[in-house]
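# Compute the structure for the input listed below.
(2 chains)
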Amino acid sequence: MTDKQETLGDDLTRLEEIVRRLEDNELALEDALALFEEGVGRLKTAQSRLAQAEIRVMQVLKESGGEAPPRLEPLDG
Amino acid sequence: MSGPGEAWTVQRLARTLKERVEAEFPATWVRGELVGVKRYPSGHLYFSLRDELAKVDCTMWRSAAARLRAPLEEGSEVFALGSPSVWEERTALRFNVAQVLPAAAVGATTQQVERIKQRLLADGLLDPGRKRPLPRYPARIAVITSTAGAAVRDVITVARRRWPAVELVVIGAAVQGEQAPAEIVAAFATLCRLDGLDLCIVGRGGGSKEDLAAFNDEAVCRAIAACPVPVISAVGHEVDVTLADLVADLRAATPSQAAEFALPDGRDVVDRLGVIDATLRRLMTERLARRSDRLERTRDRMANALAARLRAAERRLQAIAVTLSPALERHVRLPRERLARVAGRLRPAIDRRLARDSAEVTRLAASLNALSPLRVLGRGYALPRDDDGTVLRRVAEFRPGRRFTLTVSDGTVPARVEDA
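Sure thing, here's the model as predicted:
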C-alpha cells in the first residue's frame, strides 16, 4: 500500500512550518532562501493538488479477515 | 353529617367511590412485582402488583392483554401503566392495566449502562485528558457504519463539499440489533489493519432510543478507546448521549456533523494558501531589505572606523615626531657628526699604514722566492714523485718498471724505471 505518498495535508503542514521558521529572525539567509524556494514549490503543488482533488470512497470487503491489510473495493453511490 | 333518614344505598357508595377515583387518577406507571397471575378463558388477565409495603389487585382486559409482547412472568419486576378504578360488586379497588413492560427492558438497561460507565470511569477511559486532537488535514478516514444506512451518504456529501482531497474507507457493520456490538468491535479490528488512517467516524443515522444499545455496549466502548486513530462518534441522536460518545475523542450529533468536524473547509484552505503565499513573499522581501540595510550600515561603519583609526594614527605620528626631534638631535645627528670627524682623521692614518705594509710584503716576497724549490730546479735539478705526489728519495723506491713523474723547472715529465 502506497500510503506514504505526500498528501495535500502534508503540503499544508509543511507550509505552515516554513512560514513559522521564516518568521524567526535568527535564521541564516541561506537557510531562509532554501525555505522560501521550498515554500513556493510546495505552494504550487498544494494548489494543483487541491484543484485536482477527487474524493475516493472505498469499502472493506466483508470476507477480508486475517492479518493482512483488508482488501478494498470502490463503493458505488 | 347526615341523619339515618338520608342513608345511601351501598351501590351509591360504590358508584360514588368509583367516580371519584377514576376522576382523580390519570394513567400512571407503577413499578412492582407480579404475583398471582391468572388468565381467564375470556382472555382477561388478573394479577397483583406488590412491593415490600403494599399490594394492589390488577385487571388487564383482553384487548390490552393481546398487545403484550411476552407472557407475564410470575414474580418478575415490571412497569405497569394503568389507572385505578373501583369494582362496584365488591366495592374493591382495582388497577386497570393497559401496558406492561418487564423492568429488565427499562430499569435494568439504565442500571447496566450505569455499571458499565462506572467500570469505564474506573479504567480512566472517560478521562478528558485522553481525548486526542483531530488531525488538521486528514487524508484517509475510516467510516464504521451500516452500508445500508444514510450515514455513509451523509459523510460523502459533506466531504465532497468541504474537502475532496480525502479517501473514505467504509467498514460495514450492523449498528442496531443483537449483532451490532460484535460487528462494530470486529470493524475496529479491521481498522487496525488499515494503513495510513488519520481518523475514524463511527455511527449511524437517526433512530429511536432502543436502537442506541450497541453504542452503550462495553466492548464497543473499549474498542473505541483502543482505536489507534482519533474517533468521532456520530450516533445520530441530538439529545441522548451514549457511552460511546463519552469514550470517543469527539462527539458529533450526526454523521454529517462528524464530517464537518473531521474535515477542513476547502474554501478556507484556498484562502489560507493565498495568505501563506503572501506571507512567504513578504517575509523574504523584508528579510532581504533588512539584509541590504545591514550591509550598507556595516560598510558605513567599517569606513568610519577605518577613517577614525587613520586619523588616530596620524595624530600619534605627529605626537611622536614632536617628541622625537630633540631625541633625534641627541641620538642621531650628533653621533653622525662625531663619526664624520673621526673618519676624517682615520683616512690618512690608514693610508700611511697601508703604504708601510705594502713595502714589507714586497720585501718578504723577494726572500720567499729565493728559498723556493722551483729556484733549485732552475739550476738543473729534477724532483721524482709518484702518482700521489710523494717525493721518491731512495733507490729502493725505484722498483724496476715503476712509473713516476719528474718535475723540472718548467713542468713535469712522465718517467719509468728501466727493467733490471
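# Name the nearest residue to the residue most central in space within chain A, sequence neighbours excluded.
Nearest to the centroid of the C-alpha atoms of chain A, with distances taken as CA atoms, centre = their mean, sits A:T7, at 1.9 Å. Leaving aside its sequence neighbours, A:T7 sits nearest to B:A139 (CB to CB, 6 or more residues apart in numbering or on different chains; 4.0 Å). For glycine as for every other residue, the C-beta is placed from the backbone atoms N, C-alpha and C.
# show me what contacts that neighbour?
For B:A139, the contact set (CB atoms under 8 Å, 6 or more residues apart in numbering or on different chains) comprises A:7-9, B:165-167, B:196, B:198.
# Surely B:R39 is in contact with B:F47?
No: judged on CB atoms under 8 Å, B:R39 makes no contact with B:F47 at a distance of 9.3 Å.
# longest single helix anywhere in chain A?
Longest helix of chain A, by residue count under DSSP state H: helix A:29-52.
# avg pLDDT for it?
Confidence over helix A:29-52 (mean pLDDT, whole number) is 86.
# what separates that helix from the chain centre, distance-wise?
Once both centres are worked out by CA atoms, centre = their mean, to the nearest Å, helix A:29-52 turns out to sit 13 Å from its chain's centre.
# What helices and strands are in contact with that helix?
Secondary-structure packing of helix A:29-52 (3 or more CB pairs under 8 Å, 6 or more residues apart in numbering or on different chains; DSSP states H and E): helix A:8-22, helix B:266-328.
# got the buried residues for that helix?
Neighbour counts using 16 or more other CB atoms under 10 Å in any protein chain shown place A:32, A:35-36, A:39, A:42-43, A:45-47, A:49-50 of helix A:29-52 among the buried residues.
# do the same with stretch B:69-82
B:72, B:77-80, B:82.
# Report how many residues lie close to B:L364.
Look at B:L364: counted by other CB atoms under 10 Å in any protein chain shown, it has 10 neighbours.
# correction: B:P164
Neighbours of B:P164 under the rule other CB under 10 Å: 16.
# and what of the one 5 residues further on?
The local packing of B:V169 (other CB under 10 Å) involves 23 other residues.
# now the contacts of B:A139 in TSV, with distance to B:T362?
What follows is the contacts of B:A139, written out as TSV (distance: CB to CB, whole Å):
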residue	distance to B:T362
A:T7	114
A:L8	114
A:G9	114
B:A165	119
B:V166	123
B:E167	122
B:G196	117
B:D198	119
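# that older thread, now for whatever helix or strand comes next after the longest helix of chain A, which elements pack on it?
Next in sequence after helix A:29-52, counting helices and strands by DSSP states H and E, comes strand A:56-60. With contacts taken as 3+ CB pairs under 8 Å, 6+ apart, strand A:56-60 sits against strand A:72-74, strand B:167-172.
# quick one: stretch B:122-129 to chain centroid distance?
On the basis of CA atoms, centre = their mean, stretch B:122-129 sits 23 Å off its chain's mean C-alpha point.
# May I have that stretch exported as CSV, CA atoms only?
Only the C-alpha atoms of stretch B:122-129 are listed here, as CSV (Å, rounded to 0.1, in the frame of the first residue of the first chain):
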residue,chain,number,x,y,z
ALA,B,122,-12.5,3.3,36.9
ASP,B,123,-10.3,2.4,34.0
GLY,B,124,-9.8,6.0,33.1
LEU,B,125,-11.4,5.7,29.7
LEU,B,126,-13.6,8.7,30.3
ASP,B,127,-10.7,10.9,31.3
PRO,B,128,-10.9,14.2,29.4
GLY,B,129,-7.1,14.1,29.2
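# Okay then, goodbye and thanks.
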